[in-house]
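Student: give me the fold of what follows.
(one chain, ligands or ions: 1)
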Amino acid sequence: MAVQQAAPLLEVRGVHKSFISGGSPLQVLKGIDLTVKSGQLTMLRGRSGSGKTTLLNLLGGLDQPSEGEVLFRGRPFQDQSDRQLTMLRRKQVGFVFQSFALLPLFSAWENVELSLRMAGVGKSQWKTRTARCLELVGLTKRANHRPYELSGGEQQRIAIAKAIAHKPALLLADEPTAELDSQMAAKIIAIFRDIIEAEGIAICMTTHDSTLWEAADVVYQMADGRLEPE
Ligand SMILES: Nc1ncnc2c1ncn2[C@@H]1O[C@H](COP(=O)(O)OP(=O)(O)OP(=O)(O)O)[C@@H](O)[C@H]1O
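Tutor: Next comes the predicted model:
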């Protein structure tokens, strides 16, 4: 167990990423090295345009580096076939975005349960796991509500329950508190800490909000496509 915890879940080595923008190359990441560990809350901070979302996409295997590599449990994403990568993302990674991305006609319960169906989790586990995820985000009593009957913060909590339903090893959250007031933002971070404690997963999120950084185990500061020391 101790050995498993010592090995990082994700290792980013010498990662560069360029896009073609307006016909010419735009270098967004210029040599990134970092690790993300299970049982930790990692935050990426930096100005708008510094490359946080680009890096988060690489961490989740949604995109590939132009140079360098991202290893998940010691294995580079780029060594996996498209099918393997799709399966790995579906089983091992959960995503939360700034906008809550819930299905409007489904109740909170149904939204979470749908994740289990999509991930191929056996039907016998749906009820217990859906109830557990709603409990983890403190919304057991809102299970039958539809998204429009919930506040923004509650909707984001349902989105989090949905993202962790299939028990991923990694939860990635891109500006998950950007639409929320400071009290609700703090609540989301407290929920992230509870989830880490209960499930032992790694959570990596981007945020501009300086009031949240002290809740992280590790903060990486991005500037001009590089990481700056804290
Ligand atoms: N697919 C793409 N094609 C071209 N340029 C892109 C693409 N994706 C990102 N960029 C550019 O890369 C730069 C970094 O974008 P990114 O979204 O990673 O920054 P960010 O730090 O997450 O910003 P924000 O805090 O505003 O979300 C920006 O200049 C953006 O326009």
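Student: spatially central residue for this structure, please.
Tutor: By Cα atoms, centre = their mean, the mean C-alpha position of the chain lies nearest to residue 172, the distance being 1.0 Å.
Student: which residues touch that residue?
Tutor: Going by Cβ atoms under 8 Å, 6 or more residues apart in numbering, residue 172 touches 56, 59, 60, 93, 94, 95, 96, 203, 204, 205. The way it works is simple: take the backbone N, C-alpha and C, and place the C-beta from them, glycine included.
Student: how near is the closest residue to residue 140 other than its chain neighbours to residue 207?
Tutor: Residue nearest to residue 140 in three dimensions, not counting chain neighbours: residue 134, with 5.1 Å by Cβ to Cβ, 6 or more residues apart in numbering. Relative to residue 207, residue 134 is positioned 24 Å away (Cβ to Cβ, to the nearest Å).
Student: likewise for residue 41?
Tutor: For residue 41, the distance to residue 207 - Cβ to Cβ - is 11 Å.
Student: can you check residue 184 too?
Tutor: As for residue 184, its distance to residue 207 is 13 Å (criterion: Cβ to Cβ).
Student: can you check residue 193 too?
Tutor: Taken as Cβ to Cβ, the span from residue 193 to residue 207 is 14 Å.
Student: cool, residue 84 as well?
Tutor: 31 Å.
Student: cool, and residue 194?
Tutor: Where residue 207 is concerned, residue 194 sits at a distance of 18 Å (Cβ to Cβ).
Student: of the two, which one has the most company?
Tutor: Set side by side, residue 194 and residue 207 show more neighbours around residue 207, with 24 against 14, by other Cβ atoms under 10 Å.
Student: after the helix or strand of the chain with the lowest mean pLDDT comes which helix or strand?
Tutor: Lowest on mean pLDDT, DSSP states H and E among the helices and strands of the chain sits helix 2-6, with a mean of 49. Later in the chain than helix 2-6, the nearest helix or strand by DSSP states H and E is strand 10-21.
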